[in-house]
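**Student:** Just need the structure, nothing else, for what follows:
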Amino acid sequence: MNFTYTSYPNQVFFGKGKTAELPTILADYKKVMAMGEERWASQINSVSDTLGKDKLYYFPEIIQHVPQSLVDKAMVKLKEEKPDVLLAFGGGSAIGLAKALALETKLPIVAVPTTYSGSEQTNIWGISSEEGKTTGKSMDVMPKVVVYDSELTSGLPLSLAVTSGMNAMAHLMEAIYAPNGNPVTRHHALLGVEKIKSGLEEVAREQKLTEQANIDIQFGAYLAGKCLCEVSMSLHHKMAHVLGGSFKLEHSYVHTVLQSFVLNYQWEYLSKEIKSDFVQVLGAEPAHKLQELSAKAGGPTDLKSIGFKKEDIDKAVDTVLAKPYENVAPLEKSKLVEMLQHAYEGSLEG
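**Tutor:** Predicted coordinates:
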């Protein structure tokens, strides 16, 4: 055995009702700047009441993709309030805003995720402008503490729970065969696949997000975010970001549809050991199993149904190939076009 593994340090609190521990977690700080959509105002105000007068400032404006204009507005308030810690309460957009502020101020982040996004476990930041989205990596944006409370994700709409869970599954899939992978991350990824699979199967059976399904998917999503930070992502993520960014398709829907077809594309180039891992956690014909998981739980299974146009296939492939990156299988235009044609129709058999 011979490998290199980098562990990214943060403290995790996981369990039902864990947000009750936030005042204790934040007690040693002089001033908290909290950010989150207004639907989380009661939870944030509860923390404020427990901490005491003037110990928490709440910034309620959250916008998807973290526009620079919002970062600038929040930074003005930050300089007025002079916090020594940031509390991000919400999904990837709220956590993304905290990261944008931490990038400049180096303030620590306490993250309370309310979706399965995984952003809370990464050192990846992103800020959008009229010119597009700028992303990067910095340990300054890595949350110091993450609090997972299943009560906060229990109310997710079923369709969002399914596609958000499948989005996390995509991180896990690519972590299993990552070119710079290692046995530690792969073990976590396989466990994450087991948990999300179990949760989505429960959703399919009950046609609702049961308490156990929610906990399983949330735990799998935590591991997915961790894996996303530890190893590089490949074809699936490059293709998903191109389809989402260039063709304005919903992010989690693209991830949900694509992963079956990408796994098919990679399959013959995977080692026997990794193929065996996929079969062990997903069952025979893993690519079909991923598509089946989405279909039975009510998620999308083809690009056509989520708004992608067949005539854009060539343009999408050209965009993906414009910047070379490491991938398990060789990146060949004709084969990638064929893969997207299959994904457009939703047929793994072609």
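**Student:** tell me how far the helix ranked longest in the chain is from the chain's mean position?
**Tutor:** Criterion DSSP state H: the longest helix present in the chain is helix 183-206. From the chain centre to the centre of helix 183-206 is a distance of 15 Å (Cα atoms, centre = their mean, to the nearest Å).
**Student:** Show me what counts as buried in it.
**Tutor:** Buried residues in helix 183-206, counted by 16 or more other Cβ atoms under 10 Å: 185-186, 188-190, 192-204. Just so you know, the C-beta spots here come from the backbone N, C-alpha and C atoms, and that holds for glycine as well.
**Student:** Could you do stretch 292-305 as well?
**Tutor:** For stretch 292-305, by 16+ other Cβ under 10 Å, it's 292-294, 297, 299-303.
**Student:** Check which helix or strand the residue lying farthest from the centre of the chain maps to.
**Tutor:** Relative to the centre of the chain, the most outlying C-alpha is that of K53, 34.9 Å out, by Cα atoms, centre = their mean. Secondary-structure assignment from DSSP states H and E places K53 in no helical or strand segment.
**Student:** now for the lowest-mean-pLDDT helix or strand in the chain, which elements pack on it?
**Tutor:** When the helices and strands of the chain are scored by mean pLDDT, DSSP states H and E, strand 132-137 comes last with a mean of 85. Applying 3 or more Cβ pairs under 8 Å, 6 or more residues apart in numbering; DSSP states H and E, we find strand 132-137 packed against strand 124-129.
**Student:** And the strand it packs on, what does it pack against?
**Tutor:** Short answer (3+ Cβ pairs under 8 Å, 6+ apart): strand 124-129 packs on helix 68-81, helix 92-105, strand 132-137.
**Student:** how does the protein divide up, domain by domain?
**Tutor:** 11-152, 158-345 (automatic domain parsing).
**Student:** any idea how far the last one is from the chain center?
**Tutor:** The gap between the average C-alpha position of domain 158-345 and the chain average comes to 11 Å, counting by Cα atoms, centre = their mean.
**Student:** Quick one: end-to-end distance for it.
**Tutor:** 24 Å (Cα to Cα, to the nearest Å).
**Student:** what about it, average pLDDT?
**Tutor:** Regarding domain 158-345, the rounded mean pLDDT is 96.
**Student:** From K31, how far off is the residue farthest from the centre of the chain?
**Tutor:** 11 Å (Cβ to Cβ, to the nearest Å).
**Student:** related to what we said a few turns ago, of all the domains of the chain, which one is nearest M1?
**Tutor:** Closest of the domains of the chain to M1 is domain 158-345, at 6.9 Å (criterion: Cβ to Cβ).
**Student:** for K335, what are its contacts?
**Tutor:** Residues counted as contacts of K335 (Cβ atoms under 8 Å, 6 or more residues apart in numbering) are Y265.
**Student:** Make 324 the first number, not 1, from now on.
**Tutor:** Got it, the first residue is 324 from now on, which makes the last one we talked about K658.
**Student:** which of the residues in whichever strand or helix holds it are buried?
**Tutor:** Following DSSP H and E, one finds K658 within helix 656-668. Neighbour-count burial for helix 656-668 flags 659, 661-663, 665-667 (criterion: 16+ other Cβ under 10 Å).
**Student:** for the protein, what spans make up the helices?
**Tutor:** 345-349, 364-374, 391-404, 415-428, 473-476, 481-499, 506-529, 534-553, 558-570, 574-589, 595-605, 609-620, 636-644, 656-668.
**Student:** what helices or strands is the second one leaning on?
**Tutor:** This means helix 364-374. helix 345-349, strand 355-358, strand 379-382, strand 408-413.
**Student:** May I see the ones you listed arranged in JSON lines, with mean pLDDT, distance to P647 and mean neighbour count as well?
**Tutor:** JSON lines is the format used below for the helices and strands packed on helix 364-374 (pLDDT from 0 to 100; distance: least, Cβ to Cβ, whole Å; neighbours: other Cβ atoms under 10 Å):
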{"stretch": "helix 345-349", "mean pLDDT": "98", "distance to P647": "43", "mean neighbour count": "19"}
{"stretch": "strand 355-358", "mean pLDDT": "98", "distance to P647": "37", "mean neighbour count": "26"}
{"stretch": "strand 379-382", "mean pLDDT": "98", "distance to P647": "40", "mean neighbour count": "21"}
{"stretch": "strand 408-413", "mean pLDDT": "97", "distance to P647": "34", "mean neighbour count": "27"}
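**Student:** closest one to A364 among those?
**Tutor:** Comparing these by Cβ to Cβ, strand 379-382 comes nearest, at 7.1 Å.
**Student:** So what touches that closest one?
**Tutor:** Against strand 379-382 from outside (Cβ under 8 Å, 6+ apart): 354-359, 364, 367-368, 370-371, 397, 400, 404, 406, 410.
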